[in-house]
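[1] Need coordinates for the below:
(one chain, ligands or ions: 1)
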Amino acid sequence: MKLFGTMEINEEGHLVIGKCDTVDLAEEYGTPLYIMDEQLIRDRCRLFRENFKSEDIKTEVIYASKAFLTLAMCRLIEEEGLSLDVVSGGELYTALKAGFPAHRIHMHGNNKSREELVMAIEAGVGRIIVDNRYELDLIEDICKSLDKRACILLRLNPGIEADTHDYIKTTKNDSKFGESIYDENIFHIINRIIKSPYIDLKGFHSHIGSQIFQEETYYELINIMLDFAKKASQVCGIRVEELNLGGGFGVYYAKGDKPFELEVFLKNILEKVKNKSGSLGIDIPKLMIEPGRTIVANAGTTLYRVGTVKKTYGGKNYVFIDGGMNDNPRTSLYDAQYEAALANRMDEEGQNVYTITGKCCESGDIIVKNVSLPNPRVGDIVAVSTTGAYNYSMSSNYNRLPRPAVVFVKDGKSRCVVKRETYEDIIRNDI
Ligand code: LLP
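    Here you go, the predicted structure:
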């Protein structure tokens, strides 16, 4: 298992994160348990802030909170000076409850409800990212009744197919998000927006997908979006003040994953935008990006306890753990690859190849396929790395399993930021 951030192995052969022995954490908080390396999250935020800046272009780094959001995470993002992308009333509610400044919140959603939009506009969110033409009437109507103006970005689909899992591509011509730049009505839509007394069009947004390793796809995006910005300014007479290029930067999960070097990439993006807009003779005063996974994925580790080790008649070695696809659905959903180790036996060599599977009543309930481990024993602690993004946030109560607790670790101290669910929580809304 590759070690990230503050991960180390101590003399006892235990996995240590944030100077906390994970075996002790499993004991103290129980398993399954999500551990988040707080320093690594902060370092990631700083890396983005320090490298995504330029003298010529204003910049904003907006954390895509769907990757991982809790009240504590909102406060951390606030402290690190990033903005926040929310995609639902629930994410917005969490941010507002945490006291996150509304003007730094960007409201997304391809099917925002009236209630969600009222909540966002009343709170005074900084930007609403409008997905489609049908949303405009609703926003106007709400602004009229609240006597407010909404600052928006229009989400565009530039028709780029990123090289990633089909479920997380977002700009194929048939993707559900945004308005296509090739749509014959695209300039009518823009004209309709700029005529509205209630809507202030600040610029455009595009997000091409997630877990992307090809830098060139982003450079292609820049070229297409800037060509479009020029055309829109010519046809509609607008000034594109802001461009949001979305997120999607790939991270390391397992062998074969080759994330690009963010420091270089971020500088390159700014350079490309500057050069391209210069050659087109247009000015893009502000550039935004929305990283989610890159901020939190490597900071997360899930701890499980081994309940049984089973060899099937067909010859497969299973390690049964006390969690499952309810706390990490990514392997069954996207065939995601993970690395794992025994947190209490990090100094031992792998002896056999195992499949780590959970408690859920599905054969697809697999967390890690084919991982080499020292022969696991009942009671060992399995650590699965890079579970910080889209694990807790995509967890469920399938099979009425309570969700694990979330613990932040830093400098030898741990703090629980989300309590473990109880059986009482499971029936809370049952009538
Ligand atoms: N901006 C927008 C508009 C998005 O839809 C997303 C992710 C992001 C930014 C952040 O992308 P990131 O930097 O995290 O890749 N559940 C899937 C990922 C879904 C991503 C959804 N949108 C997974 O577990 O792989």
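[2] Give me the helices and strands touching the strand ranked longest in the chain, please.
    With secondary structure taken from DSSP state E, the chain has its longest strand at strand 300-311. Where contact means 3 or more Cβ pairs under 8 Å, 6 or more residues apart in numbering; DSSP states H and E, strand 300-311 is packed against helix 22-29, strand 33-37, strand 317-321, strand 381-385. In short, each C-beta sits where N, CA and C put it, glycine included.
[3] Between these, which one is closest to G300.
    strand 33-37 (5.6 Å; Cβ to Cβ).
[4] Where does the residue lying farthest from the centre of the chain sit: helix, strand or coil?
    In the chain, the residue that sits farthest from the middle, by Cα atoms, centre = their mean, is Y313; the gap is 39.9 Å. Of the three states, Y313 takes coil under DSSP: H, G, I helix; E, B strand; the rest coil.
[5] Check it and give its pLDDT.
    We have a pLDDT of 97 for Y313.
[6] Quickly note the distance from it to N375.
    19 Å (Cβ to Cβ, to the nearest Å).
[7] picking up where we left off before, with mean neighbour count, distance to V251 and mean pLDDT added, can I get the helices and strands packed on strand 300-311 in CSV?
    Converted to CSV, the helices and strands packed on strand 300-311 look like this (neighbours: other Cβ atoms under 10 Å; distance: least, Cβ to Cβ, whole Å; pLDDT from 0 to 100):
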stretch, mean neighbour count, distance to V251, mean pLDDT
helix 22-29, 19, 21, 98
strand 33-37, 28, 14, 98
strand 317-321, 21, 23, 98
strand 381-385, 26, 11, 98
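[8] a markdown table please, covering the ones you listed and showing distance to R330.
    A markdown table is the format used below for those (distance: least, Cβ to Cβ, whole Å):
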| stretch | distance to R330 |
| --- | --- |
| helix 22-29 | 21 |
| strand 33-37 | 13 |
| strand 317-321 | 15 |
| strand 381-385 | 11 |
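[9] Make JSON lines from the ones you listed and add distance to the ligand to it.
    Converted to JSON lines, the helices and strands packed on strand 300-311 look like this (distance: least, Cβ to the nearest ligand atom, whole Å):
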{"stretch": "helix 22-29", "distance to the ligand": "23"}
{"stretch": "strand 33-37", "distance to the ligand": "15"}
{"stretch": "strand 317-321", "distance to the ligand": "20"}
{"stretch": "strand 381-385", "distance to the ligand": "14"}
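[10] closest one to G358 among those?
    Nearest of those to G358, taken as Cβ to Cβ: strand 317-321 at 5.8 Å.
[11] what packs against the helix or strand containing C143?
    Per DSSP states H and E: C143 is located in helix 134-146. In terms of contacts (3+ Cβ pairs under 8 Å, 6+ apart), helix 134-146 is packed against helix 114-123, strand 127-130, strand 150-157, helix 186-195, strand 199-205.
[12] what's the helix or strand for V273?
    Element membership of V273 [criterion: DSSP H and E] is helix 262-280.
[13] quick one: is stretch 350-368 near the ligand?
    No - residues of stretch 350-368 contacting the ligand under Cβ under 6 Å from any ligand atom: none, with a closest distance of 13.6 Å.
[14] buried residues in that stretch?
    Within stretch 350-368, the residues scored as buried using 16 or more other Cβ atoms under 10 Å are 354-360, 365-368.
[15] Repeat that for stretch 78-86.
    Residues of stretch 78-86 classed as buried: 78, 80, 82-86 (neighbour count, 16+ other Cβ under 10 Å).
[16] which non-adjacent residue is nearest the residue of the stretch 51-200 of the chain found nearest the ligand?
    Residue nearest to the ligand within the stretch 51-200 of the chain (Cβ to the nearest ligand atom): A64, separated by 3.4 Å. Excluding the flanking residues, the one nearest A64 by Cβ to Cβ, 6 or more residues apart in numbering is G292, at 3.0 Å.
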